[in-house]
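Colleague: What follows is a predicted protein model with its sequence.
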Amino acid sequence: MNGANTDHLVDLLGRWASGRGPLYLLLAARLRALVDDGVLPPGELLPPDRVLAGRLAVGRGTVVAAYELLQREGRVLRRQGSGTRVAELDLPATRTADGVMANPLLLHILHPPDGVLLLTCAAPDEPPPELAEAYEEAAARLLGMRDMGYQPAGQPDLREAVAAYYRRRGLPTTAREIVVTTGAQQALTLLTALLVSPGDRVLTESPTYPGALEVFRHAAAVVRPAVLDPLTRSEADLLHAVRERPALLYTVPTASNPTGTIMDGRTRRRVAALAAEHDLPVIDDEVCAELCFDGDTPAPLAAHADGEQVITIASLSKVVWGGMRIGWIRAPAPLAARLARLRAVHDLGGEVVSQLAAAALLRRLDEIKDARVRVLRARHDHLCAELRARLPQWSFEPARGGQTIWIRLPRGDADSFAQVALRHGVAVPPGRSFDPLGGLADRLRLHFLFPEAELSQAVLALAAAWRAYDGTERLPSRPTLVV
């Protein structure tokens, strides 16, 4: 980037420093937006640290920290001697038709490539028969209804159905403590808008759900990993992180995405006690909680809490269907009221017919869940058997629930392997996307949502890609995919 282009970038940055929080986070947030919006295209050379620092009247360390944060996120590449460039992924359709950059984990939603088995986003694509029946019931409910439909906190029948669901699980809940959202992703976004300011520290597990990391980063938060299992790391480390007054702790304790693990009761009680002792808001993400393979869904973290610090979010997207965009927040009534007011600013509330259908589905949740878990458990076992047979070098622990397993590669890095895998007809998300610091370079996530035949084809493609990547196959061929 020459001097003129540096001037142009400074103009594009605009009033980047006018927000709250550390300057490097504010600068990274503005650069991130320029990259994601396609204003800074892949391959674009950014100004050297000292040059940009001088033009922005900040210390060089501010620019270095911003660039390094974006590098951990995979948005820029920094190499000594060649400078800092906007990352250029070797992926099809990294840019949508309107020029907006796509998150690699969500490419199949925005612009699915042809002829590729997509193991990137884990959401069911097979609506159960109960879904159509629930919409028929909801349509019948509309007859005679006198309601303008603007309900920012959610349709009353659904709020009561969600509250009853938690009561059945041993957690006293009223409808006033429920806010309905457009999926759990909106729940995360609303909570972050209320609880997190630029520069605030947010604690997450590692690995964790990448959609949450994106929300926290776009809020210009400082995201840091926290080990919650007391058998894995000393109590002092977690206490130190908590005493630094983070804005919140985000955790996926039941059927974790991406590992499929389930937090034990001792750790749940410990997290709840820490939340109460330090007045620390905790978000318990229960999106996959009903997908436990042993049939038992542990009580939410809030059931172990004496105070009101634990907030629960969930949705029907995993247990019913990805297109069922109904989620919710269970929170103390005063916080729920604030969330409803914030949602009113955004969209006045969700679509009513879907909420009525969701209330009907919750009344039949046990039968829907049982059928879904049977299918997932069989596909999980099939995928594990295929991996052991065709990729014995890879290591993993079988999942205890959810939709995904977590793979460790014996050598190399998952980002590079993902590019080779894509050329063999299968897309996989690398571990970097699941770590708040951009680590876990030797890990990747696989889902087991496909029917067994497609899972077998995916593993065949991955095995061929691994032979090519590992150097044991000089001229790899792309297997025929059965879709």
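Modeller: Yep, that arrived.
Colleague: In a strand, Leu446, correct?
Modeller: Yes - under the criterion used here (DSSP: H, G, I helix; E, B strand; the rest coil), Leu446 sits inside a strand.
Colleague: what residue lies at the spatial centre of the chain?
Modeller: Among the residues of the chain, the smallest C-alpha distance to the mean C-alpha position (Cα atoms, centre = their mean) belongs to Gly211, namely 2.6 Å.
Colleague: if I've got this straight, that residue is in a helix?
Modeller: Yes - secondary structure of Gly211 (three-state DSSP): part of a helix.
Colleague: you'd agree it is up against Gln185?
Modeller: Yes - with contact defined as Cβ atoms under 8 Å, Gly211 counts as touching Gln185 (5.7 Å). Glycine gets a C-beta too; all of them are placed from N, C-alpha and C.
Colleague: what helix or strand does the nearest residue to Ala153 once chain neighbours are set aside sit in?
Modeller: Closest residue to Ala153 apart from its sequence neighbours, by Cβ to Cβ, 6 or more residues apart in numbering: Ala340 at 3.9 Å. Ala340 belongs to helix 333-346 when assigned by DSSP states H and E.
Colleague: for Arg78, same thing?
Modeller: For Arg78, the enclosing helix or strand under DSSP H and E is strand 76-79.
Colleague: Just list what that strand packs against, helices and strands only.
Modeller: Packing contacts for strand 76-79, counted by 3 or more Cβ pairs under 8 Å, 6 or more residues apart in numbering; DSSP states H and E, involve helix 60-72, strand 83-86.
Colleague: average model confidence for the shortest one?
Modeller: Strand 83-86 shows a mean pLDDT of 92.
Colleague: Same question for stretch 169-182.
Modeller: For stretch 169-182, the mean confidence score works out to 97.
Colleague: Centre of the chain to it, how far?
Modeller: The gap between the average C-alpha position of stretch 169-182 and the chain average comes to 22 Å, counting by Cα atoms, centre = their mean, to the nearest Å.
Colleague: what comes up buried for that stretch?
Modeller: Of the residues in stretch 169-182, those buried under the neighbour-count criterion (16 or more other Cβ atoms under 10 Å) are 169, 171, 173, 175, 177-182.
Colleague: What strand or helix carries the residue of the chain positioned farthest from its centre?
Modeller: Relative to the centre of the chain, the most outlying C-alpha is that of Gly144, 40.0 Å out, by Cα atoms, centre = their mean. Using DSSP H and E, Gly144 falls within no helix or strand.
Colleague: if we can go back for a sec, residues touching the residue nearest to Ala153, list them.
Modeller: 152-153, 179 (Cβ atoms under 8 Å, 6 or more residues apart in numbering).
Colleague: sorry, back to before: list the contacts for the residue farthest from the centre of the chain?
Modeller: Applying Cβ under 8 Å, 6+ apart, no residues contact Gly144.
Colleague: How many residues are close by the residue lying closest to Val287 once chain neighbours are set aside?
Modeller: The shortest distance from Val287 to any residue other than its chain neighbours is 4.9 Å, reached at Ala184 (Cβ to Cβ, 6+ apart). Each residue near Ala184 was counted by other Cβ atoms under 10 Å, and the total is 26.
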